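> Predicted model, plus sequence, below.
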Amino acid sequence: MAFSTGAVSTELPPRYRPSAYAPPDALEAVHILDLLELTGSQIKAGQALALHQSTVCRSVKMLSEQFRLQSQRGARVCRYGSNDSLHYLRLSYRAHRLMEGQLRVATDPLHQSLLSEIGNVQTVPARFRAAEDWAQLVALGLIDGAIVPSYAQGTPEALESPPHWAGLVTVPLGRLDLQLVSAARGQPRVLLPKRCQAPQLHQMLEWHGYEVEVQPAACQEGSAWLKRLRDRQLAMPLCLDLLEPGWVGRHGLELLREAPPLGEQLWLLLPEGPVYQSDWAQSWIGRLRSRMAGIACQGRGGLQEKPISRL
């Protein structure tokens, strides 16, 4: 559901693109564990890292044994375990990234394209998460920043009031609109992430009478969203301002114009202290805000797509 502004892909989010930056050898195992935590499986971590699954498995096993990590089945963050020793290693890795002018920033598939053309960002595969989970990932050092939409928070007031977490800075980025696109006519069911990851979207759409279908958590790749959308004749929300002109039509989808407005506020979460105060971070914030301002000036070009009327 994220879209690059370059060549159009049949996938929704751009694939993970490793930057020229590489972690120091001493922190390579931490890097692998971080990607495992962020992607959710050894197979997906191996794909993101261009490593064989067995290499990921061996590295994580070694780190778990040496640092006495206890896996936490069912945990949404740090399922493979965490303790003070690992936390300090992650902070060391963050300091090295910052020293090299890199920030590891993450977001969900709807907004991944905001990161695709901004340099000095070590992107990771996009996933939907609850706002508090994004905050915890930043606080624990797995990522250096997160673009968090208001719909990922649990209360309607999130659209107006910035969230607050101890040790984090919340930077307002601006507002965007979401629009339902559909592979079917009438009022189809709407494909959404789990309720805990997008509670406001669930509440708004259900209040307007839409039935919701949840995308399996293991199927976060863009191709999986698009396949389920088409196969099951569903609708889903997209940010038209992040789409290339004509993307919707080229993928056999149409806009559902009479759908309710779905406004969102975007926030950037960064850790207090050296990261937020760094020249790299302030420069990156400026470029991101310029991108958002450019989107506001362009308007919603995606609305040239052919509309659907409710039957």
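Everything's here; your move.

> Now Glu264: which helix or strand?
Remark: Glu264 resides in strand 262-271, with elements defined by DSSP states H and E.

> and what of Ala224?
Element membership of Ala224, judged by DSSP H and E, is helix 222-231.

> same thing with Lys61?
Going by DSSP H and E, Lys61 is part of helix 53-66.

> just the CA coordinates of that helix, formatted as CSV?
These are the backbone C-alpha positions of helix 53-66, laid out as CSV (Å, rounded to 0.1, in the frame of the first residue of the first chain):
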residue,chain,number,x,y,z
GLN,A,53,17.4,-18.7,6.7
SER,A,54,19.9,-21.1,8.3
THR,A,55,22.3,-18.2,8.7
VAL,A,56,19.6,-16.1,10.5
CYS,A,57,18.8,-19.1,12.7
ARG,A,58,22.4,-19.7,13.7
SER,A,59,23.1,-16.1,14.5
VAL,A,60,20.0,-15.6,16.6
LYS,A,61,20.7,-18.9,18.5
MET,A,62,24.3,-17.8,19.3
LEU,A,63,23.1,-14.4,20.5
SER,A,64,20.3,-15.9,22.6
GLU,A,65,22.7,-18.3,24.3
GLN,A,66,25.4,-15.7,24.9
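
> separation between Trp267 and Leu110?
Relative to Leu110, Trp267 is positioned 14 Å away (criterion: C-beta to C-beta, to the nearest Å). Just so you know, the C-beta spots here come from the backbone N, C-alpha and C atoms, and that holds for glycine as well.

> Would you double-check that Leu191 falls in a strand?
Yes: assessed by DSSP: H, G, I helix; E, B strand; the rest coil, Leu191 belongs to a strand.

> ok, it - contacts?
212-215, 225, 228-229, 232, 234-236 (C-beta atoms under 8 Å, 6 or more residues apart in numbering).

> cool, Ser92 as well?
Shown here is Ser92, whose contacts under the criterion C-beta under 8 Å, 6+ apart are Leu27.

> Doesn't it belong to a helix?
Yes: counting by three-state DSSP, Ser92 is part of a helix.

> which SS state does the most centrally placed residue in the chain fall under?
With distances taken as C-alpha atoms, centre = their mean, Asp108 lies nearest the centre of the chain, 1.8 Å away. Going by three-state DSSP, the secondary structure assigned to Asp108 is coil.

> Helices along the stretch 1-150 of the chain, start to end?
Along the stretch 1-150 of the chain, counting by DSSP state H, counting those that start in this stretch, helices occupy 28-39, 42-49, 53-66, 84-99, 113-116, 131-140.

> Now do the third one: which elements does it pack against?
In terms of contacts (3 or more C-beta pairs under 8 Å, 6 or more residues apart in numbering; DSSP states H and E), helix 53-66 is packed against helix 28-39, helix 42-49.

> which regions of this protein lie under the pLDDT threshold?
Flagging of the chain using pLDDT under 70 yields the residue ranges 1-19, 117, 156-160, 298-311.

> could you redo the last one with a cut-off of 80?
Across the chain, the stretches falling below the confidence threshold (pLDDT under 80) are 1-20, 116-119, 154-161, 185-186, 222, 261, 296-311.

> Could you identify the longest helix within it?
When the chain is scanned for its longest helix (criterion: DSSP state H), the result is helix 279-298.

> Flag every buried residue along it.
For helix 279-298, the buried set under the neighbour-count rule, 16 or more other C-beta atoms under 10 Å, comprises 280-281, 284-285, 288, 291-292, 295.

> Compute the distance between the residue lying closest to Val105 once chain neighbours are set aside and Ser278, please.
Counting by C-beta to C-beta, 6 or more residues apart in numbering, Val105 lies nearest to Gly145, which is 4.2 Å off, once chain neighbours are set aside. Counting by C-beta to C-beta, the gap from Gly145 to Ser278 is 11 Å.

> again with Ser64
Looking at Ser64 against Ser278, where the rule is C-beta to C-beta, the gap reads 32 Å.

> Could you give the separation of the helix holding Lys61 from the chain centroid?
Using C-alpha atoms, centre = their mean, to the nearest Å, the mean C-alpha position of helix 53-66 is found 26 Å from that of the whole chain.

> same check, this time on stretch 147-158
How far stretch 147-158 lies from its chain's middle: 14 Å, per C-alpha atoms, centre = their mean.

> picking that back up, the helix holding Ala224: which residues count as buried?
By neighbour count with 16+ other C-beta under 10 Å, helix 222-231 contains the buried residues 222, 225-226, 228-229.

> How about stretch 207-217?
In stretch 207-217, the ones that count as buried by 16+ other C-beta under 10 Å are 210, 215.

> what's the neighbour count on the nearest residue in space to Pro274 that is not next to it in sequence?
Ranked by C-beta to C-beta, 6+ apart and with sequence neighbours excluded, the top spatial neighbour of Pro274 is Leu98, at 6.5 Å. By the other C-beta atoms under 10 Å criterion, the neighbourhood of Leu98 contains 17 residues.
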